[in-house]
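Peer 1: with the sequence up front, the predicted model follows.
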Number of protein chains: 2
Amino acid sequence: MSHGSHRISSKKHIAVLGSGGWGSVIARIIARNVLHLKRFHPIVKMYVFEEFIDGRKLTEIINKEHENRKYAPGYKFTKNLVAVSDALDAAKHADIIVFVVPHQFVDNLCKSLAGRIRPNAIGISLIKGFDIKTGGGIELISHIISTKLLIPCHVLMGANIAGEVAAEKFVCTSTLGCKYKARGSFLKDLFNTPHLKITVVADEDTVEVCGALKNIVATGVGFIDGLEENNRYKEAVLRLGFMEMVQFVDVFFPGGNISTFFESCGIEDLIVTSFAGRNRKCSAAFVKTGKTFKELENEMLNGQKLQGPPTAVEVAYMLNSKDMTNKFPLFTVIHQICTGKKPAKALLKCVDDNIARRVYLPKNLIP
Amino acid sequence: MSHGSHRISSKKHIAVLGSGGWGSVIARIIARNVLHLKRFHPIVKMYVFEEFIDGRKLTEIINKEHENRKYAPGYKFTKNLVAVSDALDAAKHADIIVFVVPHQFVDNLCKSLAGRIRPNAIGISLIKGFDIKTGGGIELISHIISTKLLIPCHVLMGANIAGEVAAEKFVCTSTLGCKYKARGSFLKDLFNTPHLKITVVADEDTVEVCGALKNIVATGVGFIDGLEENNRYKEAVLRLGFMEMVQFVDVFFPGGNISTFFESCGIEDLIVTSFAGRNRKCSAAFVKTGKTFKELENEMLNGQKLQGPPTAVEVAYMLNSKDMTNKFPLFTVIHQICTGKKPAKALLKCVDDNIARRVYLPKNLIP
């Protein structure tokens, strides 16, 4: 037996790091899938940031009642899912590590794992956002994970609302970005179900950038909602925002494929998030109540984190360091509104000024 | 003075053929614009399909009260707009003829004008839809006009709701497709206002095809509404529908530009129409009430015509004649639902079956 086929036939251990809404739902799918996939070890470990719910540890509740009462209530895990409160405990023997913590926690998580995981482990990031590079620019979360843990890291992003994927009332879809074809189809089986169909593309960076940027656009759509302005403004924000997404990938992550924008992770996720996601709801409330995003996050999100405003900060940092804010007027004004530098109405003027802007033609993307 | 500059400096006569909601609003803009544009003749003639409103002729009401009481109530025309009940009377001396009748009436309209208009006239079609070619295939309305009247015909399509453009509460945008650059900017001035910003692209066919096909997709979104299904289905219909639009242009109208899909006439118009347009509303009612589209058109549209179902028929005719229905599953099932061959729920199955379909990669479009 060759070394390659030996590795495929050995049972791969899976860890899921993160247990918010999306983390719990995805861990539930993985744990169910590995039960009938012989090449994976049947025990799936899920790292849970420990909290106390009515005086009981969340890990205990999950392990006894097989349900994440706080973030995914009503959805039972299969018994092969084991919750642990220590990330290293979950990850140290894992061959495949799924990262699904809020992006603010990635740095510390990586610190606790660096040098202590299997050298041949493979990462998959479901995290939306960027990390700021000291000295200018931004870094993709998957690149951070890859660099800090010295493992490859692929991505899964798509037009999914956690509760809807869990409910399995209809078919959802998600995009797995993995530059190695055979590995992509191997990893796909972990996530794929009759109700969550996974498409694999090689263009990892574009998948991840779409997942991050769409939250900025959705934040803008929420401002229009909060202003109670006409829907045409929302549609214009969607179109202009989509164009800036394409432009951003073209300028900062050249070599991607235009077609990736038409996968679930692209245009569909953008529309879903802009009409249904938590970023939109919070930014509508931001305009209506005058509260800060921090306050709204606490009041409205039951422990979940907002993604749009911090991503807008990261993108603004990037654009400033490259002196390109005027080339991305929508991202820029949304950031200025988030940070209180401009009133929400500034977005209307930005749309009016840019609505007849020439369509951005990518120079560095492949059709 | 050269012949070319002589023609530019002579006063061009404008005719608007059609006086429904969009026709009246666009005629109002043109009539206002020509008052301060020296190169156009100040009288704008509008062909009105004669109707009686409370015993009075609609043309008389428009010419005395300067308002189309039936289709654009509340919006006064400038007095240089003259309504006439005979299309030939409006068009015979015109240098620029704007076509904005329901697409069902184009053939007869062309018959009444053929051979009787100025040989150097220029057409601009705002009509959404196709015409069926006997012997297989379809023809663009602008091509029909061009072929039957022996004049060039350009197009204007965009993400506009007539009433909103008229109200001028915010900035709208529309795409003028004109393959000759200088003529494009000349024609743009007729339509451009601070509240309706016109972008000009050379890629006329793609502009027009987008304007027609978006109504099929919007009809599908309306079915999801009528079924009271989850919004994720709507977003999936939008994405899959957009992909079929790109594919349709790529296969049947090769040589266009991918960028045109990102103009107002493309993705933005698709979203606007799918969330706000009359096609969506009627197809939701089609599912809920079980009435025919003909009945719903009479009950719900106050004399306006539905565009989605007839366009679906035309496209199905095309796809059948080319043996390509299975390559366009969404367009095909929407047509089958429109004609009662399948129940509306068949659209859900079509989405489930195609949601993880590979993104269509255009072969004959230019980035």
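Peer 2: Arrived safely.

Peer 1: ok but residue A:190 is inside a helix, no?
Peer 2: Yes. Residue A:190: assigned to a helix according to DSSP: H, G, I helix; E, B strand; the rest coil.

Peer 1: need the contact list for it.
Peer 2: Contact analysis of residue A:190 by Cβ atoms under 8 Å, 6 or more residues apart in numbering or on different chains lists A:14, A:29-30, A:33-34, A:37, A:40, A:96, A:98. Bear in mind the C-beta positions are built from the backbone N, C-alpha and C, glycine included.

Peer 1: so how far is residue A:214 from the residue sitting nearest the centre point of chain A?
Peer 2: When Cα atoms, centre = their mean is applied to chain A, the residue found nearest the centroid is residue A:128 (3.0 Å). In this view, residue A:128 and residue A:214 are 8 Å apart by Cβ to Cβ, to the nearest Å.

Peer 1: hmm, back to that, are any of the contacts of residue A:190 buried, and if so which?
Peer 2: A:14, A:29-30, A:33-34, A:40, A:96, A:98 (16 or more other Cβ atoms under 10 Å in any protein chain shown).

Peer 1: need these in JSON lines with distance to chain B and pLDDT, can you?
Peer 2: What follows is the buried ones among the contacts of residue A:190, written out as JSON lines (distance: Cβ to the nearest Cβ, whole Å; pLDDT from 0 to 100):
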{"residue": "A:14", "distance to chain B": "22", "pLDDT": "98"}
{"residue": "A:29", "distance to chain B": "15", "pLDDT": "98"}
{"residue": "A:30", "distance to chain B": "18", "pLDDT": "98"}
{"residue": "A:33", "distance to chain B": "16", "pLDDT": "98"}
{"residue": "A:34", "distance to chain B": "21", "pLDDT": "97"}
{"residue": "A:40", "distance to chain B": "21", "pLDDT": "96"}
{"residue": "A:96", "distance to chain B": "21", "pLDDT": "98"}
{"residue": "A:98", "distance to chain B": "20", "pLDDT": "98"}
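
Peer 1: next step: those residues restricted to helices.
Peer 2: A:29-30, A:33-34 (DSSP state H).

Peer 1: if I read this right, residue A:34 contacts residue A:27, doesn't it?
Peer 2: No. Residue A:34 lies out of contact with residue A:27 (Cβ atoms under 8 Å); the separation is 10.7 Å.

Peer 1: which residues are in contact with each of these two?
Peer 2: residue A:44.

Peer 1: and stretch A:39-51, how far from the chain's centre?
Peer 2: 19 Å (Cα atoms, centre = their mean, to the nearest Å).

Peer 1: buried set for it?
Peer 2: Buried, per 16+ other Cβ under 10 Å, within stretch A:39-51: A:40-42, A:44-49.

Peer 1: same question for stretch A:148-159.
Peer 2: Neighbour-count burial for stretch A:148-159 [16+ other Cβ under 10 Å]: A:148-149, A:151-159.

Peer 1: which ones among those residues come in contact with chain B?
Peer 2: residue A:159 (Cβ under 8 Å from any Cβ of the partner chain).

Peer 1: need the buried residues of stretch A:148-159 in a markdown table with pLDDT and secondary structure, can you?
Peer 2: Below are the buried residues of stretch A:148-159 laid out as a markdown table (pLDDT from 0 to 100; DSSP: H, G, I helix; E, B strand; the rest coil):
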| residue | pLDDT | secondary structure |
| --- | --- | --- |
| A:148 | 96 | helix |
| A:149 | 98 | helix |
| A:151 | 98 | coil |
| A:152 | 98 | coil |
| A:153 | 98 | strand |
| A:154 | 98 | strand |
| A:155 | 98 | strand |
| A:156 | 98 | strand |
| A:157 | 96 | strand |
| A:158 | 91 | coil |
| A:159 | 86 | coil |
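
Peer 1: which among the buried residues of stretch A:148-159 gets closest to residue A:205?
Peer 2: Among the buried residues of stretch A:148-159, residue A:155 lies closest to residue A:205 (Cβ to Cβ), at 8.5 Å.

Peer 1: could you check the pLDDT of residue A:331?
Peer 2: Residue A:331 carries a pLDDT value of 98.

Peer 1: by mean pLDDT, point me to the weakest helix or strand of chain A.
Peer 2: The weakest-scoring helix or strand in chain A, judged by mean pLDDT, DSSP states H and E, is helix A:3-9 (a mean of 45).

Peer 1: one step back: Three-state assignment for the residue nearest to the centre of chain A, please.
Peer 2: coil.

Peer 1: return the residues in contact with it.
Peer 2: Contacts of residue A:128 (Cβ under 8 Å, 6+ apart): A:103, A:141, A:157, A:211-212, A:215, A:307, A:311.
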